[in-house]
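*Asks:* Model the following, please.
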Amino acid sequence: MHIMLKSKTTEQVVNAWKYERFGFKSDILGQDLHCGFLRREDSSSPITKTIYMLHGGNADDTQAAQAGLLPLLTETLAQRSVQIVFPNIGTSFLHHHPTNKKKSFSEYFLNELVPAAEKGTSTNERLICGWSMGGQAALNMFARHSEHFAGVGAHFPTLIQFDYLNPTDGAAYAARMKVSAPMMEILIGEFKKEFTDLKDFYRHCPLTLAREKASAWNGKKIYFDVGSEDEFGLSEGALVLHDILKAKKIEHYFKNIPQGKHDGAFIYTQIANLLNYLL
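*Replies:* Prediction:
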């Protein structure tokens, strides 16, 4: 199943790279969506690598452009034969919905977006990355479908170990990680909105997937980081993932950034490291 990238809504040239945004209709989701592309303006060299860069839960496909990341991304990519694709994944965590196809962003991503984004390229290496909700989505999509990806990267992914449906567990996490009530409301709200039961959540939890499907991570490029001062307390989950992969002898790169927070400044200072590691 293929989608047609139809209406171009944005075009911008940055350091000899072209950023374009297209609208299209997803038959799987039954929605009109948008997707951004960052490609070299000179198209004489074929694109051999495609990176899917996923936004946070409070944003859409324009987040990287609006945050002023495009100049930094183009400087980092330099002369590489790469394209970056910025999908709109809503607040979905790239959820494979077990009963409602119209909410199955996982199927839309693999079966519609990827073929459309890579059409006309010579992509032989596909990578996925993101931050916050998009970082968790990148990790869970990679772990569930590792045969499609050469590597994964995530900035402060929303990795949690507590039961978000249990107020007592949530309160203990908030106290342990010094997370304020407003931040806990946002964090728990993201998961409650998308995963109505824990079984479904665990099917998409990178920590569970790393424990149970370690072979899917082996031989791949894996990068993730987090700030020690993350306002959602996400350093706990990132450290757990690091420990799981280390115990299973899965090669990966992890860094807990001192004084790092859950914000755009963190992404701006670390995203070149992520891209250089994956590429």
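
*Asks:* quick one: the helices in the stretch 51-200 of the chain?
*Replies:* Along the stretch 51-200 of the chain, counting by DSSP state H, counting those that start in this stretch, helices occupy 63-66, 70-77, 105-108, 114-118, 133-144, 167-177, 181-194, 198-203.

*Asks:* What ranges in the protein fall below the confidence cut-off?
*Replies:* Screening the chain residue by residue with the criterion pLDDT under 70, one finds the ranges 1-10, 98-103.

*Asks:* Give the full set of residues in contact with residue 154.
*Replies:* Contact criterion Cβ atoms under 8 Å, 6 or more residues apart in numbering gives 129, 130, 131, 134, 135, 136, 138, 139, 223, 224, 225 as the residues in contact with residue 154. C-beta coordinates here come from the backbone N, C-alpha and C atoms, glycine included.

*Asks:* what about the spatially closest residue to residue 91 that is not a sequence neighbour, distance to residue 134?
*Replies:* By the measure of Cβ to Cβ, 6 or more residues apart in numbering, the closest residue to residue 91 outside its immediate chain neighbours is residue 57, 5.0 Å from it. Here the criterion is Cβ to Cβ, to the nearest Å. By it, residue 57 lies 8 Å from residue 134.

*Asks:* And residue 88, by the same measure?
*Replies:* Using Cβ to Cβ, residue 88 is found at 11 Å from residue 134.

*Asks:* More neighbours: which of the two?
*Replies:* In this view residue 88 and residue 134 are compared by other Cβ atoms under 10 Å, and residue 134 has more residues nearby, 29 against 21.

*Asks:* Does the more buried one touch residue 55 like I think?
*Replies:* Yes - Residue 134 is within contact range of residue 55, at 5.1 Å (criterion: Cβ atoms under 8 Å).

*Asks:* what do these two both touch?
*Replies:* Each of residue 89 lies in contact with both residue 134 and residue 55 under the rule Cβ under 8 Å, 6+ apart.

*Asks:* quick revisit: got a markdown table for the helices of the stretch 51-200 of the chain, with distance to residue 20 too?
*Replies:* Output for the helices of the stretch 51-200 of the chain, formatted as a markdown table (distance: least, Cβ to Cβ, whole Å):
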| stretch | distance to residue 20 |
| --- | --- |
| helix 63-66 | 11 |
| helix 70-77 | 12 |
| helix 105-108 | 20 |
| helix 114-118 | 12 |
| helix 133-144 | 20 |
| helix 167-177 | 40 |
| helix 181-194 | 29 |
| helix 198-203 | 35 |
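
*Asks:* Which of those helices has the highest mean neighbour count?
*Replies:* With neighbours defined as mean count of other Cβ atoms under 10 Å, the helices of the stretch 51-200 of the chain peak in mean count at helix 133-144, which reaches a mean of 27.

*Asks:* same for it, what does it pack against?
*Replies:* If you count contacts as 3 or more Cβ pairs under 8 Å, 6 or more residues apart in numbering; DSSP states H and E, helix 133-144 packs onto strand 49-54, strand 125-131, strand 151-155, helix 206-212.

*Asks:* Out of the ones you listed, the one nearest residue 257 is which?
*Replies:* With respect to residue 257, and counting by Cβ to Cβ, the nearest of the helices and strands packed on helix 133-144 is strand 151-155 at 9.6 Å.

*Asks:* Next up, the contacts around the residue lying closest to residue 130 once chain neighbours are set aside.
*Replies:* In this structure, residue 130 finds its nearest non-sequential neighbour in residue 54, 3.0 Å apart by Cβ to Cβ, 6+ apart. Residues in contact with residue 54, defined by Cβ under 8 Å, 6+ apart, are 87, 89, 94, 128, 129, 130, 131, 133, 134, 135, 137, 138.

*Asks:* Now render the residues you listed as TSV, adding distance to residue 25.
*Replies:* Formatted as TSV, the entries for the contacts of residue 54 read as follows, by distance: Cβ to Cβ, whole Å:
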residue	distance to residue 25
87	14
89	16
94	19
128	23
129	26
130	24
131	27
133	24
134	22
135	28
137	22
138	25
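
*Asks:* Name the nearest of those relative to residue 170.
*Replies:* Comparing the contacts of residue 54 against residue 170 with Cβ to Cβ picks out residue 133 as the nearest, at 17.6 Å.
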